[in-house]
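Student: Here you go, sequence then predicted model.
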Amino acid sequence: MFELNPAFPATSVALGDLALCHARLQADARYAWIVLVPRVDGARELEDLAAGDRLVVMDEVVAAGRAVRAVGQALGRPVETLNVGQLGNLTPQLHIHVVGRRADDEAWPGPVWGLGTAEGYEAGALAAAIAAARVALAL
């Protein structure tokens, strides 16, 4: 039975469920950022997914990229490029980060992980980001 690792609710907001993945908005207003968590019990690596599920994940990563771009637009910070990463070093549950990047963001051109302190969303910006992401993901 699938259970979401407790680290995710502490650092992100639920957007909803896609065909395979649970989608979450990362609670860091510095970046338009969605995390996808495949709802597959015990999965830690992409290789733990069945071949068909790996194809679904790729389609959902592309959809999350569109949603990240929609979040950037909604916040007045259009995304210039997308970074996609499957890390799992700290949270031992398969998850994929889809991060919108801009040449003027704090971490540019390096990775976003471990740099600075996450900045929470203001209520209005959070509502706009969630709405934009859900529309783009058809949730």
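Tutor: That came through, no problem. Residues are numbered from 1 along each chain as shown.
Student: Count the neighbours of residue 59 for me.
Tutor: Residue 59 is surrounded by 13 other residues when neighbours are defined as other C-beta atoms under 10 Å. Bear in mind the C-beta positions are built from the backbone N, C-alpha and C, glycine included.
Student: Let me know how buried residue 124 is, in neighbour terms.
Tutor: Counted with other C-beta under 10 Å, the burial measure for residue 124 works out to 8 neighbours.
Student: What residues sit buried inside the helix or strand hosting it?
Tutor: Element membership of residue 124 [criterion: DSSP states H and E] is helix 123-137. Buried residues in helix 123-137, counting neighbours by 16 or more other C-beta atoms under 10 Å, are found at 126, 128, 129, 130, 132, 133, 134, 136, 137.
Student: Using the three-state scheme, assign the residue nearest to the fourth one when sequence neighbours are not counted.
Tutor: I take that to be residue 130. Nearest residue to residue 130, sequence neighbours excluded (C-beta to C-beta, 6 or more residues apart in numbering): residue 25, at 6.0 Å. The local conformation at residue 25, judged by DSSP: H, G, I helix; E, B strand; the rest coil, is strand.
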